[in-house]
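In: prediction below, plus the sequence it came from.
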2 protein chains.
Amino acid sequence: MRLAIDAMGNDRGPLPILQGVGNFLQKDRETAVTLVGNRQSLEEIMPQVGLQESDRLNIVHATQVMEMHEKVQNLREKRDSSIVRLVTEVKEGRADGMVALGNTAAAVGATCMGLRNLEGVRRPGIALPLPTKPGGVCVLMDMGANTVAKAEHLMSYGIMASIYSEQVLHVKNPRVGLLNVGEERGKGNDILRDAFALLEKSPVNFVGNVEGGDVFSGSCDVVVCDGFIGNVVLKVSEELGLTVATWMKEGFRSNWLSKIGALLSKGAFNFIRKRMSYDEYGGAPLLGVNGICVIGHGRSNATAVQNALRVARESVEGNINGKISSRLTAMKEEAAQILAAAGTENI
Amino acid sequence: MRLAIDAMGNDRGPLPILQGVGNFLQKDRETAVTLVGNRQSLEEIMPQVGLQESDRLNIVHATQVMEMHEKVQNLREKRDSSIVRLVTEVKEGRADGMVALGNTAAAVGATCMGLRNLEGVRRPGIALPLPTKPGGVCVLMDMGANTVAKAEHLMSYGIMASIYSEQVLHVKNPRVGLLNVGEERGKGNDILRDAFALLEKSPVNFVGNVEGGDVFSGSCDVVVCDGFIGNVVLKVSEELGLTVATWMKEGFRSNWLSKIGALLSKGAFNFIRKRMSYDEYGGAPLLGVNGICVIGHGRSNATAVQNALRVARESVEGNINGKISSRLTAMKEEAAQILAAAGTENI
């Protein structure tokens, strides 16, 4: 198996990417990696982390980079950017899966355009793994690829995220909830009511409507929502995490007793940091495209990169795209019938 | 001035309510309070907190209670519930403002039905004050009264929450943001694009589109969104707060060194608890109804009750309803023109 990774698209520069790749290659002896990026820059840094080109590590040269805040539209002028070249590696079969880092909108745009949808899928979406209170993982889908989701898209997110949870996060029979403003059936708008009817009949362990708190409480393994709400939940959670951390620092600086307390509590803080950290989950897969694509955080460290590669490998090994395609294709006719019965024509 | 409070609708029972009322009466010598609830139960408990009926404290008897998880529809069978009687006190002019506690949906339903909308207002909404990273307060509106908001409703939330922020939270020239998935103009759906155009022309300090993180970052004083998203943000934030607290406890229990650290850090924890606590903000006002209504948390302690009464008093004193009504009425024609120009007929 060969995985390709965008070696340029990281706020922290290529060094942590190369470290992560090195650690991955050392641990996983069966897999080869393609670095996509500026050959000269990469060749300069590689010796620093003990890497050199080999049959398990090659470079695909790309002269351009999509910067963090460039718009998707700029992809047109950046045909030789690392993200476009990365997608081409998968599209043309030279890589079995890819890890994108950095500009998420550009990664989604380039991948959707380059790889097109999987058979049976109407809209790809991003599955975001989040840490839960009891120490597990809840997958929120969609995180922002599709901000105006229809009922059938939401159903497909439930199915796709459930397969990912099972195959990559190793959750047995994942509980799938539909994000709403109350648990009773019939809550929300028409799209949510239709999505409820579809998820109920789909091949997932549907637990019904859930509320915002269920994303973190551990009561669900998958929470389905449109990309608008997914984006808001992600941004709120990230900032609230930072906010609590800031308050903690202020609190511990407030007097000498608690300063000593903080010193003695280093182990406890490391525990919390590890629980809150996204590094362990290795990024968020873009599901529904015709290829394996994992999107890492724009500020990934070596651990996050290594785990993103692991997620890509497990996604290939678990054949998640084959499973997604067959389950969604099988559901197609029934979904159309359910929506027609509900009076929803525009599926 | 006389304020009425629902003395029955609290998960923790009437005792913390009576304590909060007692503290409020002691501090605020100009204001009288009406307790609405079961006379016998209240008379039994009042001596425990040193309270007795007087010209500054009277009881309005109500035989029923809307329980926490009863649906709004049940209000029909509970004409003699404390929440219905509470609204009647304001409606018939015996109280200048009210504090509801407990079942939020029932409080919103009873208040909207009983008091009707303020002149110029199409849809009331709940303004939720949330603590921010730098130690300020950001008002999120709507928190869940109106889950399918139109553009004009969103504009009115910006105006109403801005007035509340100014008059009650004492923020000068509050910065108002529209919750979206990106800061660029034109992001989101038609409703959000129309709301942007309206807010831009409205008499608030509109800072444009903001993202989920801005609710806590301190970059905004008011964040406008529909009640669906507001509800999700509230529930996600509450549960994430509990989640981090749980992780902290686990972390500090993990070894004897950090157990000692935790003991020495009590002051720091109290600081964080105070920052995270909703008690200080005294509940969320329902804005846009023809009367002052503050909705407290269903698990209010005495401090939260006292602050909710203070918020009601300041809302009356600041004449926030007069200001809301005049600014929205003044905006009515211009809003209709902007929406017509945008091709939006259904305002």
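Out: Everything's here; your move.

In: which SS class is A:V176?
Out: With DSSP: H, G, I helix; E, B strand; the rest coil as the basis, A:V176 sits in strand.

In: and it, bridged to which residues?
Out: Assessed by DSSP bridges, A:V176 has beta-bridge partners A:F206, A:V222.

In: give me every residue that touches it.
Out: A:158, A:161-162, A:199, A:204-207, A:220-224 (Cβ atoms under 8 Å, 6 or more residues apart in numbering or on different chains). All C-beta spots, glycine's among them, are computed from the backbone N, C-alpha and C.

In: by neighbour count, which of those wins?
Out: Highest neighbour count within those, by other Cβ atoms under 10 Å in any protein chain shown: A:V224, with 34 neighbours.

In: that one contacts A:N180, correct?
Out: No: under the criterion of Cβ atoms under 8 Å, A:V224 makes no contact with A:N180, lying 9.8 Å away.

In: how about low-confidence regions in chain A?
Out: Counting by pLDDT under 70, chain A has low-confidence residues at A:278, A:345-347.

In: in the sheet, who's paired with the residue most central in space within it?
Out: Centroid check for chain A by Cα atoms, centre = their mean gives A:A284 as the closest residue, at 1.0 Å. Beta-bridge partners recorded for A:A284 (DSSP bridges): A:I295.

In: didn't it look like it was pressed against A:M143?
Out: Yes: between A:A284 and A:M143 there is a contact under Cβ under 8 Å: 6.0 Å.

In: overlap in contacts of the two?
Out: In contact with both A:A284 and A:M143: A:I126, A:A127, A:L128, using Cβ under 8 Å, 6+ apart.

In: now, those that are in strands?
Out: A:I126, A:A127, A:L128 (DSSP state E).

In: what is the nearest of the residues you listed to A:R193?
Out: A:A127 (23.5 Å; Cβ to Cβ).

In: nearest residue to the closest one other than its sequence neighbours?
Out: The shortest distance from A:A127 to any non-neighbouring residue, by Cβ to Cβ, 6 or more residues apart in numbering or on different chains, is to A:M141 (4.4 Å).

In: burial count for the one you found?
Out: A:M141 has 33 nearby residues by other Cβ under 10 Å.

In: ok, A:V137 next?
Out: Look at A:V137: counted by other Cβ under 10 Å, it has 19 neighbours.

In: likewise A:R79?
Out: 12.

In: list the residues that contact it.
Out: Per Cβ under 8 Å, 6+ apart, neighbours of A:R79: A:Q64.

In: name the SS class of it, please.
Out: At A:R79, secondary structure determined by three-state DSSP is coil.

In: now it: how far from chain B?
Out: 24 Å (Cβ to the nearest Cβ, to the nearest Å).

In: phi, psi for that residue please.
Out: phi -70, psi -20 (degrees, to the nearest 10).

In: not counting its neighbours along the chain, what's nearest the residue in the stretch 1-150 of chain A positioned nearest to chain B?
Out: In the stretch 1-150 of chain A, the residue that lies nearest chain B is A:K133 (4.3 Å; Cβ to the nearest Cβ). Distances taken as Cβ to Cβ, 6+ apart place B:T243 nearest to A:K133, at 4.3 Å, with adjacent residues excluded.

In: that neighbour sits in which helix or strand?
Out: Of the helices and strands defined by DSSP states H and E, B:T243 is found in helix B:227-252.

In: tell me if stretch A:157-173 is near chain B.
Out: No: using Cβ under 8 Å from any Cβ of the partner chain, stretch A:157-173 never reaches chain B; the gap is at least 16.0 Å.

In: just the buried positions in that stretch, please.
Out: Buried residues in stretch A:157-173, defined by neighbour count with 16 or more other Cβ atoms under 10 Å in any protein chain shown: A:157-169, A:171.

In: equivalent analysis for stretch A:92-109, please.
Out: A:95-109.

In: stretch A:193-202 now?
Out: By neighbour count with 16+ other Cβ under 10 Å, stretch A:193-202 contains the buried residues A:R193, A:D194, A:A195, A:F196, A:A197, A:L198, A:L199, A:S202.
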